[in-house]
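1. Turn this into a model:
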Amino acid sequence: MKKLQILIIAFLISLAICAFVSMQAKAQGTLDHFGFNAISSPQTAGTSFTITVTAQDSSDATITDYSGTVNFTSTDSHAVLPSNYTFVPGDDGTHSFSVTLETAGSQSITATDTSNSSITGSQSGITVGLASPTLTSTAPSGAVAGTGFTDSSVLAGTSGSNAGGTATYTLYSGTYPSGTQVGSSSVVTVTSGVVPNSASFNVTTAGSYYFTAVYSGDSNNNGASSSVETFTVNTGSLDHFVVSAPSSATAGTAFTLTVTAKDAYGNTVTSYTGTPSLTYSAGSISPSAMNAFVNGVGSTSVTVTTAGLSVTITATAGSHTGTSNSFTVTAASTPTQTPTPSPSPTAAPTSAPTPTPTQSQTLALETMGQYLLVIVAAVILGAVIIWLVIQKRKRPNIIVLN
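-> So this is what the prediction gives:
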């Protein structure tokens, strides 16, 4: 008895289900069009958004068992639209899709049944605003003075493959934002959202530099600027030496010689740590090699032994040389012997000054002098007479006349 009751109940449930399904089928009607969810405006060019499409009858009821295929079109020829889609039982007549409109302005999207092109549905009046892309630039690495280098940029978030316009690269020397522009800016054409590299820049002075890159924008995209890209232009390899000597020196007396390592453009090669040899144009030099360089500069105390005019010193390392300014080397002075001082002669005693005689004293002295002369004359005459007398006595025959 119980089994019979169970069978009767199951049968009644089956009848109820069949009646419900039949009523739903009659209520749905046949496919008349496709409905769209309300699409908000504005949308941004190049930015995807979601649409929901529903298969509906003439009274806008959902055709839950729709299993047809839809195709999408748009007034935006650059729009990124879904591929043809065939509804499946799990969709229950409704499915969501991702769409990207690329062209600014008022656009529309249409869904069409591929088996009956008269069955369509559309959403019009979708406002699409300009995209706001970002520009990311990459500074050159390993730039070297005298060797060309470029800047590169990537444009993201544009209105897709139709992005155009231009990008302008500008190079500055120094520190941002007070640098000095180097040469002319490089302007490149953006095609399908792709930004070419800049033209080649070539600078000969090592130091700090930075690039700026600016995207112009176009009818579907706002402009954009990259962040400032700082980088360093390095010195080239060793090319020559700059030798600095004093304007004058003395043979045998040490003086300081300074030598700087330079690249082909006159930048100091700070990585050079060598010890170039030294030669002197007028003779020998000691030492014959520089001390090790520090940050590309060497300083050594040297001595030359030969004097000369317009002499030079040359520094050499392999094929790299450099000659100093011309300078004068004077001969060392000969030491002068200091004479031994002679003993000072003993001064003779100074006699007392003779008093100056008076006039009367002077007359008396003169008179006395006269008397003395008379006496001396008389003595001499007497002596002569005596001699004559003696001679007469010896020689009687001789007559002496007076």
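2. quick one, phi/psi of residue 385?
-> phi -60, psi -40 (degrees, to the nearest 10).
3. In contact with it, which residues?
-> If a contact means CB atoms under 8 Å, 6 or more residues apart in numbering, then residue 385 has no contacts. C-betas here are computed from N, CA, C, even on glycine.
4. Residue 35: neighbour count?
-> Residue 35 has 17 neighbours, counted by other CB atoms under 10 Å.
5. what about residue 81, distance to residue 183?
-> Look at residue 81 and residue 183: by CB to CB, to the nearest Å, they are 46 Å apart.
6. Look at these two and report which has more neighbours.
-> Legend: neighbour count by other CB under 10 Å for residue 81 and residue 183, higher for residue 81 (18 against 11).
7. Just to check, that one is in contact with residue 74?
-> Yes - at 6.0 Å, residue 81 counts as touching residue 74 under the criterion of CB atoms under 8 Å.
8. what touches both of these two?
-> Joint contacts of residue 81 and residue 74 (CB under 8 Å, 6+ apart) are 99, 109.
9. what's the strand ranked longest in the chain packed up against?
-> Longest strand of the chain, by residue count under DSSP state E: strand 116-129. Packing contacts for strand 116-129, counted by 3 or more CB pairs under 8 Å, 6 or more residues apart in numbering; DSSP states H and E, involve strand 33-36, strand 43-44, strand 48-56, strand 105-113.
10. Of the ones you listed, which is nearest residue 325?
-> Distance to residue 325, taken as CB to CB, is lowest for strand 43-44 among those, at 68.3 Å.
11. And the most centrally placed residue in the chain, its phi and psi?
-> A centroid search over the chain (CA atoms, centre = their mean) returns residue 207, at 1.5 Å, as the residue closest to the centre. With angles defined as degrees, to the nearest 10, residue 207 sits at phi 150, psi -160.
12. For residue 197, see how far away it is.
-> Distance from residue 207 to residue 197, by CB to CB: 23 Å.
13. tell me the secondary structure for residue 379?
-> Three-state call for residue 379 (DSSP: H, G, I helix; E, B strand; the rest coil): helix.
14. And it, how far from residue 373?
-> 11 Å.
15. same deal with residue 294?
-> Distance of residue 294 to residue 373, given as CB to CB: 104 Å.
16. Residue 34 too?
-> 179 Å.
17. For the two, indicate the residue with more neighbours.
-> A direct count of neighbours by other CB under 10 Å for residue 34 and residue 373 places residue 34 higher, at 23 against 10.
18. The longest strand of the chain: partners in the sheet, and parallel or antiparallel?
-> The pairing partners recorded for strand 116-129 under DSSP bridges are strand 43-44 (parallel), strand 105-113 (antiparallel).
19. now for those, which one comes closest to residue 92?
-> strand 105-113 (16.7 Å).
20. pLDDT weak spots in the stretch 1-150 of the chain?
-> Within the stretch 1-150 of the chain, the set of residues satisfying pLDDT under 70 comprises 1-8, 10-12, 14-28.
21. can you check the stretch 151-300 of the chain too?
-> Residues of the stretch 151-300 of the chain that meet the cut-off, pLDDT under 70, sit at 160-161.
22. Now do the helices in it.
-> In order along the chain, the stretch 151-300 of the chain carries no helices (DSSP state H, counting those that start in this stretch).
23. rewinding a little: rebuild the helices and strands packed on strand 116-129 as JSON lines, extending it with distance to residue 255.
-> As requested, those are exported to JSON lines (distance: least, CB to CB, whole Å):
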{"stretch": "strand 33-36", "distance to residue 255": "93"}
{"stretch": "strand 43-44", "distance to residue 255": "74"}
{"stretch": "strand 48-56", "distance to residue 255": "77"}
{"stretch": "strand 105-113", "distance to residue 255": "81"}
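24. Of the ones you listed, which is nearest residue 312?
-> strand 43-44 (72.5 Å).
25. Tell me which residues are up against that closest one.
-> Under the criterion CB under 8 Å, 6+ apart, residues 49, 101, 126-132 lie in contact with strand 43-44.
26. Those, buried ones only, as a ChimeraX selection?
-> The command below creates a ChimeraX selection of those among the contacts of strand 43-44 that count as buried (16 or more other CB atoms under 10 Å):
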select :101,126,128,129,130,131,132
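27. What is the most widely separated pair among the contacts of strand 43-44?
-> 126 and 132 (18.3 Å).
28. dump the residue contacts of residue 310.
-> 326-328.
29. swap in residue 166?
-> 187-190, 215-216.
30. What is the neighbour count of the nearest residue to residue 325 once chain neighbours are set aside?
-> Closest residue to residue 325 apart from its sequence neighbours, by CB to CB, 6 or more residues apart in numbering: residue 245 at 5.9 Å. Neighbourhood size, residue 245 [other CB under 10 Å]: 22.
31. next one: residue 115
-> With other CB under 10 Å as criterion, residue 115 counts 9.
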